[in-house]
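> I would like the atomic coordinates for the input below:
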Amino acid sequence: MRDFNFFEPYLNKNTNFSGKTGKYLVVVGAMTLLALYPLYNGIQIYKANSEVATVGGLVQSSSIQEGKQLMEKLTNQRKALVERKEKLVGVEEIFRGKDVINDLLIFTINDHIPEDVFLESVKISAGQILIQGVSKDQKSIALLDRNLRRNEAFKDVFISSIIGDLGSYTFTVSFSIKGGDEE
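Below is the predicted model of the structure:
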């Protein structure tokens, strides 16, 4: 009796790919991969191009362009305002540096006026002061002149006119503020 080995067909068969068939399978597989890889890349490029076109269409839309124009306009306005602010700050610093006409000046002039002197007008411009007033006597006018000359803040005190009329004297005094006319 003969023994049957059911695994014998599997053991005796030559299962390696040596020969023409194996070489053909490797070549066909490589050619398939080489053919499919560019096709795959082409599909990916097509998808990327369609996404770029979609995004480009969104960017070119009228609402986005209006927003972009508005943003540019607001940016330009902001730059102009910043430049104006810088100029105004510079002008303000210049004025603060030349601020010789203030409350202290008015109070200083007022403190130097004798009792019998009454002011009709005070003109202040560019560091030059012109006072027109009325006094009961010439002595009070001379006292005003002396008081103004003694103050270190004033220079070039000059009484340009004294006119007597019915017991009162009308006068004009001009003087400069030290540091008020320097540029």
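
> Which elements pack onto the lengthiest strand in the chain?
In the chain, taking DSSP state E as the definition, the longest strand is strand 154-165. In terms of contact count using 3 or more C-beta pairs under 8 Å, 6 or more residues apart in numbering; DSSP states H and E, strand 154-165 is assigned the packing partners helix 138-150, strand 168-177. C-beta here means a position set from N, CA and C on the backbone, and glycine is covered the same way.

> ok and the longest one relative to strand 154-165, angle-wise?
Calculated by axes from the mean of the first three to the mean of the last three C-alpha atoms, to 10 degrees, helix 138-150 forms an angle of 170 degrees with strand 154-165.

> what's helix 138-150 in contact with?
Outside of helix 138-150, the residues within contact range by C-beta atoms under 8 Å, 6 or more residues apart in numbering are 112-117, 135, 154, 157, 159, 162, 164, 169, 171, 173, 175.

> biggest separation within these, which pair?
Spanning the widest gap among the contacts of helix 138-150 are 154 and 164, at 25.6 Å by C-beta to C-beta.

> So for these two, which sits in the more crowded spot?
Neighbours of residue 154 and residue 164, each counted by other C-beta atoms under 10 Å, are more numerous for residue 154; the result is 20 against 12.

> so what's that one bridging to?
Partner residues in beta bridges with residue 154, using DSSP bridges, are residue 177.

> Surely it touches residue 178?
Yes: if you go by C-beta atoms under 8 Å, residue 154 and residue 178 touch, sitting 6.9 Å apart.

> How many neighbouring residues does residue 58 have?
Using other C-beta under 10 Å as the criterion, the residues surrounding residue 58 number 10.

> Skip ahead from whichever helix or strand it is part of and say which helix or strand is next.
Secondary structure from DSSP states H and E places residue 58 in helix 20-59. Past helix 20-59, further along toward the C-terminus, the next helix or strand under DSSP H and E is helix 62-97.

> looking at the helices and strands packed on strand 154-165, which is closest to residue 126?
strand 168-177 (9.3 Å).

> list the buried ones in stretch 111-128?
For stretch 111-128, a neighbour-count test (16 or more other C-beta atoms under 10 Å) marks 112, 113, 114, 116, 117, 124, 127 as buried.

> Alpha carbons only: can I get it in PDB?
What follows is stretch 111-128 as a C-alpha-only set of coordinates in PDB (Å, rounded to 0.1, in the frame of the first residue of the first chain):
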ATOM      1  CA  ASP A 111       1.600 145.500  40.800                       C
ATOM      2  CA  HIS A 112       3.800 148.300  39.400                       C
ATOM      3  CA  ILE A 113       0.900 150.700  38.800                       C
ATOM      4  CA  PRO A 114       0.600 153.500  41.500                       C
ATOM      5  CA  GLU A 115      -2.800 154.400  43.100                       C
ATOM      6  CA  ASP A 116      -3.500 157.500  41.000                       C
ATOM      7  CA  VAL A 117      -2.800 155.800  37.600                       C
ATOM      8  CA  PHE A 118      -5.700 154.300  35.600                       C
ATOM      9  CA  LEU A 119      -5.000 152.300  32.500                       C
ATOM     10  CA  GLU A 120      -7.100 152.900  29.300                       C
ATOM     11  CA  SER A 121      -5.400 150.200  27.100                       C
ATOM     12  CA  VAL A 122      -2.600 147.700  27.200                       C
ATOM     13  CA  LYS A 123      -1.300 146.300  23.900                       C
ATOM     14  CA  ILE A 124       1.000 143.300  24.000                       C
ATOM     15  CA  SER A 125       2.600 142.000  20.800                       C
ATOM     16  CA  ALA A 126       5.800 140.100  20.100                       C
ATOM     17  CA  GLY A 127       7.400 141.000  23.500                       C
ATOM     18  CA  GLN A 128       6.600 144.700  23.100                       C
END
